[in-house]
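Peer 1: Sequence and computational prediction follow.
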Amino acid sequence: MTAAFDRLRGGVPAKRHNARTIAALTANPGCTRRAVLDAAGIDKPRLAERIGFPGNFGQSRFALARGNGFEAMLKADGCALLLSVLRDVLHLDEPAVSYDDLGEDDDATLGARHGRTRDLLAAAAGAALIDHPLLTLQVAGRSVFLEPDLIAFHAGGRLHVVEIKSFAIVDGQADSAKVSAAAVQAAVYVLALRRLLADLGHDPALVSHDAVLVCPRDFSLQPTAVLVDVRKQLSTLKRQLARLASVSELAAALPDDLSFDTALPPETLTAALARVGAKYAPECLSACELAAFCRHEATGTTAALGRPVRDALGGVDTVAEALALAAGTATPPEELAEAAALLQAAARLRAEAVGAATP
Amino acid sequence: MRHLHLHERPLVLVPYTMAGEPNAPLAAMVGTAEDDPRLLVVAQPRNRDDRFAFAARLAEVLVPYADSFTAVAEPVAVDRGRDVRCRFTDAPQLWVPNPGGVDFLRLFGRSTRFRTTEGEYAVPASVPLLGRWLTFFANSAEVPGSSLLLNAVQALTSHWVTGQSSAEDAQLAALMGWLAPPPGMSVFAAAARAEDPAVTPPAGPATDPSFDNHVLAPLLSVAEPDVAALTEVLRGQLLPTWTLMWRALGLLRTLPPGSRVAGRWDGDRDAYSAFVQHLADGGPPQPRRDGAVAAAARLSRLENAAARYAVQRAFDDPLVMAEYRLAGAAFTAEVTLAKADRIDDTGKRPVLRPRIMVVTTEPVRVAPGAALTSPARPAQKATVISVTAADGPKTEVLLELSGGMGRKLVAEPGSVPEVGERLLLTTLSEAYRPGAAFPEPDRTPWTHGGPPGPD
Ligand code: SF4
C-alpha cells in the first residue's frame, strides 16, 4: 500500500508530519481527498499553488522570533527556568534532573534518533528531560515520524508531555482556540509516547494524560506552566486515526494513472483532484491548504455556507435547489418533502415580513 | 430594522498589534469623523516606554471623548418613585472592526489600568485612566444589546445575511464586499478582492504575515526606525479598513431603529453615568478577576440581558419574529369572537378576565395553560384555555386575557382585541424576570471568596 501512496506522490519525497498536521488530519475526517493526500505525504501548499489557488498560511517572522526567543530562554543553563516551572506545576522536588537533547532536524539520522529515543525512554531512571525525542505514529496504515517539537519530562515515575507555546496566559486565561489547538497537539504526542512505551513492554499509562503547557505570563516573558487534561482529545484522536486506517484501501482502489506529482501541468492536477471526492466546509479555510480550491469547487452548495446552514436545510445540497423548493417550482422527492414544506413556510413568512405579496 | 443605537458622533478605532507579542499595539487609526483620522504609530512595539507613550496618546483622544457626554443630566425615578438618580442624556459609543478589536481593547485595558503613576516605572496619569475606560467598554460589550462598544462585523451580520459562510463574513472587507460592493463590481469579485491581503489589508488587530515579513521587518530591523516611512506603510494598511468602517456605519444608518432600541440605550446611559460617578468618587480600578459571587451575579445579569435582547428583537422586527413563527413559538391569528366584559368572580374579589377566540392557519405548538403575549399589547397576558383543530388547516385557540386593561372592571377602550383584528401571539415574553439573589461580599462563605470566619 505504501507503493500506492508513492505512486500518487510521483517522484517527490513525502512531506513530514508533525503534531499540527496530524491534528489537522483529524479536523475534517469525512474528506477523502484530504485523507488520501495527507496519508500519501503530498505537499499540499505546493499543490494548491500549482493549480492556481495558493493558500495564505504564512507565519509572521515576529511571531516565530518571539517563540524561539522564549524557548531559548527556558532552555538556557541546562533548562534551569523550564525546570523551575515544571517543579512548581507538578509539585516535585527532584534535586538532579538530567537533560538530553536528541538534536535538531535531519532526515538522514531519523532512524538513529528514534533508536536513541527508545533507549533513553527505556532506561530513564530518576528525573530526566528528553528534548526533541523522535516518535512515530501509525497514520493511515503506515508508520510516520513526528517532528520532535516537544520535551518529554520523566519524573516521579511518570512521563509528561511538555509543550512550549508563545501565546500569553493573562490572569490565568488564554485564547481558548490556541489552548485547544495546543491540547490536540499534546494529545498526538501523548498517544505516540504511549504506543512507544507499550512497544518497550512498559505500562503505557505511565504517560500522564495531563500535558504541561508552558507559556509567557501576562505581558512579560516570565514563564508560567499549566496542566491541560487531554483525555478528551486523545479519544477523538484515536477514533479519527482508526478511521484513517481505511484510507490505504481507498488509495489502493484509486486508478493506477492518478498522480499528484507537483511537476505535472496544472490542468492534469486539477483533473486528478476532481477524481477524489472532497467534503468542503468553511472550517477547511483555517485547517487545509486546499481550501481555496475546494471552496471554488463547492460554490453553490449549501455545505459551503457552513454547517448550521447545511443542517438546517437537511438533505438539500445546493442553493439553487433550496430556492426552487422554497418557491415551489421544483417538486421535492419524497425524502425532502419535509424540508421543502419548511422552506416554503419560511419563504411565505419572509415575504409577509418584508411586506411583499405572498406568493 | 436596526437593533442597535447608532450614535451621531461615534468614535471609530482600528487597532493593529504586533504579531507574537501579547497585546503590543503597533498602530491605531482613531477619530470621530471619517475625514479626520488620527494615526498613532508605535516605532518600537517591543519597547515598554513606546508602548505607554502610545497609550498616553490614545488616552488624549479617547478619554476626552468618553468624558464629553456629561454636560446634561436628567433625573430618573428609582425604587418606585421613592428616590431619584441622575442619568446623563447621552453616552459615548466606540466602534472597532471585529470581535478581535474588542479583545484587544480588553487586554490593553488590563495592561494599563493598574499602572502606577509614581516611582521608577511611572506612567502618565492618563494611562491608567485609559485602562479603566477601556475595561468599562470591553465589559459592556459582553452585555447583549448594549451599544457602548460595538464591532462592525457583528453589527452587520446581525442585520444582514450574505451568500458566504460565517468564517468568511468575519472578514470585514469580504462582508462589506457582499453588502455594498464597489460600484460596477459583482459581489463575487468584491469578496474575492477582499480576501487577497495584498490588495485588501486585514482589518486587524492581527497584521498580514507577508506584510510583516516583507515590509515591516526591514523597517523595524534597524536601531532607530524611520518613523515617517513606518507611518506611511501603516497608514496604507489601516486606511482601507477605516473607510470601510464608515461605510458600514452609513449602511446601518439606512435602517430605521427598532422601537425598543432607545430603551436599551437608556440602560447604557445608566451604566455610563454610574461609571463616571465611580471615577469621580475615586473608586478603585476594576479587579483582575471577579470574585465568585460577583462572577455569578454578572453571569446571571448577562443571561437576563441575552434573553431580554432576543425577545425585544423579535418584538421589534417581523423578520426576526418570522423565525419564531417557523419554529412554532409564534403565530398570527384572527380574532373571531371576543367577550370583553367577562368577569371571573370565583375568587375572593371579582376580576376582569375577557376571553377571545382566535383562528390561525399556522402551526400552533402551545398547550392549554401556556401564557402568550402579543407585541402590540406587551403588558397583557393571554392564557391558553383550549386548542381545537377546526376545518382544513385551521386551528382555533381560546384565550383568557389578564392585565393591561386598566384598573376597573370594565376594560379600557382598545385594550381588548376586537373581532376581525389580526394578532401575533407568541410564547416569548418581555416581562421582567427578577435576577437571583446573591449574598453581599461580607456575607459570602469563604469557600466562595468571602471573608474568613471570626475564629
Ligand atoms: S479543503 Fe478540500 S481537501 Fe481540504 S479538507 Fe476541505 S474539502 Fe478536504
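Peer 2: Alright, I've got the coordinates. Since the model is a prediction, treat every value here as computed from it, not as a measurement. Numbers count the residues shown, from 1 in each chain, chains lettered A, B, ... in the order given.
Peer 1: shaky segments in the stretch 101-250 of chain A?
Peer 2: A:103-109, A:124-126, A:148 (pLDDT under 70).
Peer 1: how about the helices of it, start to end?
Peer 2: Using DSSP state H, counting those that start in this stretch, the helices of the stretch 101-250 of chain A run over residues A:110-123, A:176-199, A:231-244, A:247-253.
Peer 1: Out of those, flag the one nearest chain B.
Peer 2: Proximity to chain B (CB to the nearest CB) singles out helix A:176-199 among the helices of the stretch 101-250 of chain A, at 11.2 Å. All C-beta spots, glycine's among them, are computed from the backbone N, C-alpha and C.
Peer 1: Quick one: work out the angle between the closest one and helix A:110-123.
Peer 2: 80 degrees (axes from the mean of the first three to the mean of the last three CA atoms, to 10 degrees).
Peer 1: need the helices of the stretch 101-250 of chain A in CSV with distance to chain B and mean neighbour count, can you?
Peer 2: Putting those into CSV (distance: least, CB to the nearest CB, whole Å; neighbours: other CB atoms under 10 Å in any protein chain shown) gives the following:
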stretch, distance to chain B, mean neighbour count
helix A:110-123, 29, 16
helix A:176-199, 11, 20
helix A:231-244, 21, 16
helix A:247-253, 26, 17
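Peer 1: Which one, of these, ends up nearest to B:Pro99?
Peer 2: The closest of the helices of the stretch 101-250 of chain A to B:Pro99 is helix A:176-199. By CB to CB, the value is 11.9 Å.
Peer 1: How far off centre is the closest one?
Peer 2: Counting by CA atoms, centre = their mean, to the nearest Å, helix A:176-199 is centred 11 Å from the centre of its parent chain.
Peer 1: now what about it, what contacts it?
Peer 2: A:19-20, A:22-23, A:26, A:117-118, A:121, A:135-138, A:146, A:149-150, A:152, A:159, A:161, A:163, A:165, A:167, A:203-209, A:211, A:213, A:228, A:230, A:233-234, A:237-238, A:241 (CB atoms under 8 Å, 6 or more residues apart in numbering or on different chains).
Peer 1: and whichever residue of chain B sits closest to the ligand, what does it touch?
Peer 2: Proximity of chain B to the ligand (CB to the nearest ligand atom) peaks at B:Ala167, 12.1 Å away. Residues in contact with B:Ala167 (CB under 8 Å, 6+ apart) are A:Pro282, A:Glu283, A:Leu285, A:Ser286, A:Gly306.
Peer 1: Check B:Ala77 too.
Peer 2: Applying CB under 8 Å, 6+ apart to B:Ala77 gives the contacts B:Asp83, B:Val84.
Peer 1: Touching, B:Gly406 and B:Glu412? I think so.
Peer 2: Yes - the criterion here is CB atoms under 8 Å, and B:Gly406 meets it with B:Glu412 at 3.9 Å.
Peer 1: tally of neighbours for B:Thr89?
Peer 2: B:Thr89 is flanked by 12 other residues according to other CB atoms under 10 Å in any protein chain shown.
Peer 1: so what's it closest to, chain neighbours aside?
Peer 2: Counting by CB to CB, 6 or more residues apart in numbering or on different chains, B:Val72 is the residue found nearest to B:Thr89 once chain neighbours are left out, at 4.6 Å.
Peer 1: Quick check: the one you found touching B:Cys86?
Peer 2: No - the criterion here is CB under 8 Å, and B:Val72 misses it with B:Cys86 at 10.1 Å.
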